[in-house]
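Student: What follows is a predicted structure for the sequence shown.
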Amino acid sequence: MLRKSGSIPKFLVTGSNGQVGFELRRSLAPLGEVIALDRAACDLTQPDMLRQLVRECLPDVIVNPAAYTAVDKAESDADTAFAVNGTAVGVLAEEARALGCLLVHYSTDYVFDGTKDGLYVETDATSPRSVYGKSKLAGEEAIAVSGATALVLRTCWIAGAHGGNFAKTILKLGRERDCLHVVADQFGAPTSAALIADVTAQIVARSWLAADRSVFPGGTYHLAAGGETTWHGYATELLHYAAARGVELKVAPEAIAAILTAEYPLPAPRPANSRLDTSKLRGTFGIHLPNWRQGIHFLLDQIL
């Protein structure tokens, strides 16, 4: 059972050293006590340990950004991917239901096959092509059958100031290499980890902690920055902004070569279309999602 009303809310955050987990430690701190667990303290491949951690903590909200995110490695390490992204999520959902607390979980555009022409809405049929996508869908399905009150936030193209990501890689390569080749036929919206964490905190504060929890509008929502681009457009914008900030580059932004996905084969197939319709999230919770450039510029300000 939850602690008495009026007490300081308690948040259990997994994956606290990941891109989103790191930002959640900041965004949730003004709302209550944050118990932030990294991989060493919370091994998601150990279900019994996970259950015990939740029962000892007795949180008001479980926030689960932890995931197996090595997309290509997952193709040859499916058991671990499903243990972390599927089984562990089901355990958290079961414990959340038993406690009557909220579970916030993050999923991905990879649950879709990426062949749709327009924006993906939450009710579109899922059809993951990669082991990673299938394991993340397994997590969504485990939550659905658990009966827990849950908020599943599907997002895409995440970048944070903490941890490795595409933005940091392009910035590094732009300083070191004479030429860059970047895929130009995959579409999505670069979404900062800070935005994901801030939206999470706003929803929890407004609709869970300060409202009637019996009518909390749980379910699956798409969360991504506004606008869209390609990986090539993303890389070009990154180097343009870095150059404007005085970073010495060996590659001019306009000189980045655009290539096709077929020219850069990888073990796991990537969705050609990762564009997510965020109307449901914005309409339900009154959230404004700024253009992706704003978040990426702020991210580069932090990195630089």
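Tutor: Received, thanks.

Student: Quick check: buried residues in stretch 142-150?
Tutor: Across stretch 142-150, burial judged by 16 or more other Cβ atoms under 10 Å covers 142-143, 146, 148-150. Bear in mind the C-beta positions are built from the backbone N, C-alpha and C, glycine included.

Student: could the residues you listed go into a markdown table alongside pLDDT?
Tutor: Shown next, in a markdown table, are those (pLDDT from 0 to 100):
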| residue | pLDDT |
| --- | --- |
| A142 | 98 |
| I143 | 98 |
| S146 | 97 |
| A148 | 97 |
| T149 | 97 |
| A150 | 98 |
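
Student: what distance separates the one helix or strand K134 maps to from the centre of its chain?
Tutor: According to DSSP states H and E, K134 maps onto helix 131-146. Taking the mean of its C-alpha atoms, helix 131-146 sits 14 Å from the chain's own mean (Cα atoms, centre = their mean, to the nearest Å).

Student: all helices for the stretch 51-200 of the chain, in order.
Tutor: Assigned by DSSP state H, counting those that start in this stretch, the stretch 51-200 of the chain shows helices spanning 78-82, 88-99, 131-146, 166-176, 193-203.

Student: residues in contact with the helix holding K134?
Tutor: Around helix 131-146, the neighbours that count as contacts under Cβ atoms under 8 Å, 6 or more residues apart in numbering are 67-71, 74-75, 78, 81-82, 84-90, 93-94, 96-97, 103, 105, 107-108, 110-112, 126, 128, 150, 152, 220, 268.

Student: need the contact list for R26.
Tutor: R26 neighbours (Cβ under 8 Å, 6+ apart): A197.

Student: which stretch of helix or strand covers it?
Tutor: helix 19-28.

Student: cool, D48 as well?
Tutor: helix 47-57.

Student: contacting residues around that helix?
Tutor: Counting by Cβ under 8 Å, 6+ apart, 10, 12, 35, 37, 41-44, 62, 87-88, 91-92, 95-96, 99 sit against helix 47-57.

Student: before we move on, the earlier item: if you average the pLDDT over the helix holding R26, what comes out?
Tutor: The pLDDT scores in helix 19-28 average 97.

Student: residue furthest from the geometric center of this protein?
Tutor: In the chain, the residue that sits farthest from the middle, by Cα atoms, centre = their mean, is D178; the gap is 32.1 Å.

Student: can I assume that residue is in contact with A252?
Tutor: No. The pair D178 / A252 is not scored as a contact, 10.5 Å apart, by Cβ atoms under 8 Å.

Student: residues bridging contact with those two, i.e. touching both?
Tutor: With Cβ under 8 Å, 6+ apart, D178 and A252 have no common neighbours.

Student: Which parts of the stretch 201-304 of the chain are helices?
Tutor: So, for the stretch 201-304 of the chain - with DSSP H, counting those that start in this stretch - the helices run 231-244, 279-285, 292-303.

Student: thinking again about what came up before, for the residue farthest from the centre of the chain, which residues are in contact?
Tutor: Here D178 is in contact with 250-251 (Cβ under 8 Å, 6+ apart).
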